[in-house]
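Peer 1: Have a look; sequence and predicted model below, questions after that.
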Amino acid sequence: MEFVTNVLGFIAGSALDVLPIAIFLFAFQWLVIGGKMPNGKQIVVGFFFVVVGLGLFLVGLEQTLFPLGRLMAGQLTDPQFLLETAGRVAADLTWEDFYWVYIFAAAIGFSTTMAEPSLIAVSIKANAVSGGAIGVFGLRVAVAIGVGVGVSLGCYRIITGLPLHYFIAGGYLVVIAQTMMAPKLIVPLAYDSGGVTTSTVTVPLVTALGLGLAEAVPGRSALLDGFGLVAFASLFPIIAVLAYGQLAAMRNRRSKTGPDKQDRQREQENAL
Amino acid sequence: MKDSIRALAKDAVDAMRDLLPIVIVIGVFQLFVIRQPVEGLMTLVTGGLLVVAGLAFFIFGLRLALFPIGEGLAHSLASKGSVFWLIAFAFVLGFGTTVAEPALIAVAAEAATVAAEAGVTANTQAAMDSYAYGLRMTVALAVGVALVIGVFRIIAGWSLPMLIIGGYVLVLILTSIAPPEIIGIAYDSGGVTTSTVTVPLVTALGVGLASSLKGRNPMLDGFGLIAFASLTPILFVLVYGIIV
């Protein structure tokens, strides 16, 4: 019984989040564009599925992944655990002793990104718009690798205490260089994928990891050093997706079978 | 009806595949690294099933509602030819979906605590609440402005890399003059603004707009709205930190 009310509570919560947006969209259609919403019935059914789906998704996460992930983040950053695996005293801990944290950060960043609903949405759209040239799965793997590397590097930053903006500035220099070399068509999608990765699933776990780590490492403050992991998780997917585009272009150039992305790009540029 | 059920079943299978990496990661770490018994296996199994069902329902509803409504409105607004209504729509969509975003409310409250400890604001509940409220409004305004700039860029056909890279150069300049406590929060606020419902809507809006305007390429011009929505909050929050 408690379970049912819990589930219903989450569905009501997601309805409260989604309804204002739905009302705004319908009102805009009615007042500004005029006339009835095209496919109105289908859209109402769709919104129903979105609301129920988000509610169930969040209840499930709250029951499984969030407590487990927070618990694991806590256990891995527990000084006791760190000392046991490193076999040294606290004062001698260096950044390499936290290797389980890096591995966990990369693994959890990758796997939660693969399940991120908004990334799935953008991949479906990109696949349709590119006429199948960008694979739904390939794009998601690229973004997930980016998040994994980003979160892992972000943990390294918290442990060493290096300033956040060095990494961010360095990362954007890489992005600028890649932007000049990557196929033009991938660039806007790559920039978007930075913002897409960090929503429902990834943020709570990554934040828990960052705050836990900042508390466990001597000389770090949770308030000052705990933030910033989300920024890493938004920057590195851009690099990864641009690299994915560069790799695809390189492969196409080598095997001259089929229309390659750059030819198509040239065609499109000529068409403009 | 039969086709819908088949589509939903396919979404459910995909959802299981999407969640498999998480199950593997947690399983491996529990078994080999942490090696402590996990309590309540039954709760975990039912929770996992709820996540699969939820993800499948969401993706199914996404195709029925969020994509068609975003693209449909973009098409109608483009054929109406009113730049004013397009821009007004973009602003309200950005501002409205961000201002009530739970992740943002949480981050703003935490940021207020940091600010109070650093002595930027008075360490009272009222001062912290007003700081958090100001921050929330700043970010929501930033996202509204982001979508306006983004939509305007699609109409005008400006180059995205120039604008985004220019924006990040500005971020780096502001970083050097902003108070250090605000920097981490500012950088993170770019990531928290884009929620699960907003992203598909905004993406469909951009792609729909680019494909209904002559001379615009949906791939080249349609994407990029989310990029603006992740950039402007950083800028606006840094400025907020400098002013307040």
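Peer 2: Right, received. Where do you want to start?
Peer 1: Retrieve the pLDDT associated with the residue positioned nearest the centre of chain A.
Peer 2: Taking Cα atoms, centre = their mean, the centroid of chain A lies closest to A:Thr197, which sits 2.0 Å from it. Per-residue confidence (pLDDT) for A:Thr197: 77.
Peer 1: Quick check: it touching A:Thr113?
Peer 2: Yes - taking contacts as Cβ atoms under 8 Å, A:Thr197 lies within contact range of A:Thr113: 5.5 Å. For the C-beta atoms, the positions are set from N, CA and C on the backbone; glycine is no exception.
Peer 1: Overlap in contacts, these two.
Peer 2: Common contact partners of A:Thr197 and A:Thr113 (Cβ atoms under 8 Å, 6 or more residues apart in numbering or on different chains): A:Leu119, A:Val143, A:Val147, A:Pro237.
Peer 1: how far away is the residue nearest to the centre of chain A from A:Gly132?
Peer 2: According to Cβ to Cβ, to the nearest Å, A:Thr197 and A:Gly132 sit 23 Å apart.
Peer 1: A:Gln178 now?
Peer 2: 24 Å.
Peer 1: B:Thr121 too?
Peer 2: 53 Å.
Peer 1: about what we covered before: A:Gln178 and A:Gly132: which is more packed in?
Peer 2: Neighbour tally, A:Gln178 and A:Gly132, criterion other Cβ atoms under 10 Å in any protein chain shown: the higher count belongs to A:Gln178, 19 against 9.
Peer 1: tell me which element the more buried one falls in.
Peer 2: A:Gln178 belongs to helix A:164-181 when elements are defined using DSSP states H and E.
Peer 1: which strands and helices sit next to the next helix or strand after that helix?
Peer 2: Next in sequence after helix A:164-181, counting helices and strands by DSSP H and E, comes helix A:186-196. On a contact count with 3 or more Cβ pairs under 8 Å, 6 or more residues apart in numbering or on different chains; DSSP states H and E, helix A:186-196 meets helix A:117-129, helix A:136-160, helix A:229-254, helix B:160-177, helix B:198-212, helix B:225-243.
Peer 1: low pLDDT regions in chain B?
Peer 2: Within chain B, the segments meeting pLDDT under 70 span B:38.
Peer 1: ok, the shared contacts of A:Thr197 and A:Thr113 vs B:Ala109, which is closest?
Peer 2: A:Val147 (25.2 Å; Cβ to Cβ).
Peer 1: And the closest one, what's its pLDDT?
Peer 2: pLDDT recorded at A:Val147 is 93.
Peer 1: Any figure for the gap between it and chain B?
Peer 2: For A:Val147, the distance to chain B equals 11 Å [Cβ to the nearest Cβ, to the nearest Å].
Peer 1: Can you give me every residue that contacts that residue?
Peer 2: By Cβ under 8 Å, 6+ apart, A:Val147 lies in contact with A:Gly109, A:Phe110, A:Thr112, A:Thr113, A:Thr197, A:Thr202, A:Ala233, A:Phe236, A:Pro237.
Peer 1: ok, and the residue most central in space within chain B, which helix or strand is that part of?
Peer 2: Here the mean C-alpha position of chain B is nearest to the C-alpha of B:Thr194 (Cα atoms, centre = their mean), at a distance of 0.5 Å. Assigned by DSSP H and E, B:Thr194 falls within no helix or strand.
Peer 1: wait, it sits on A:Gly195?
Peer 2: Yes - using Cβ under 8 Å, B:Thr194 and A:Gly195 qualify as a contacting pair, with a distance of 4.6 Å.
Peer 1: shared neighbours, these two?
Peer 2: Shared contacts of B:Thr194 and A:Gly195 (Cβ under 8 Å, 6+ apart): B:Ile226, B:Ala229, B:Ser230.
Peer 1: Of these - the most surrounded one?
Peer 2: B:Ser230 (31 neighbours).
Peer 1: what's the burial count for residue 211?
Peer 2: This is for chain A. There are 22 residues near A:Leu211, going by other Cβ under 10 Å.
Peer 1: my question was about chain B
Peer 2: For B:Ser211, using other Cβ under 10 Å, the count is 18.
Peer 1: That concludes my questions; thank you for your assistance.
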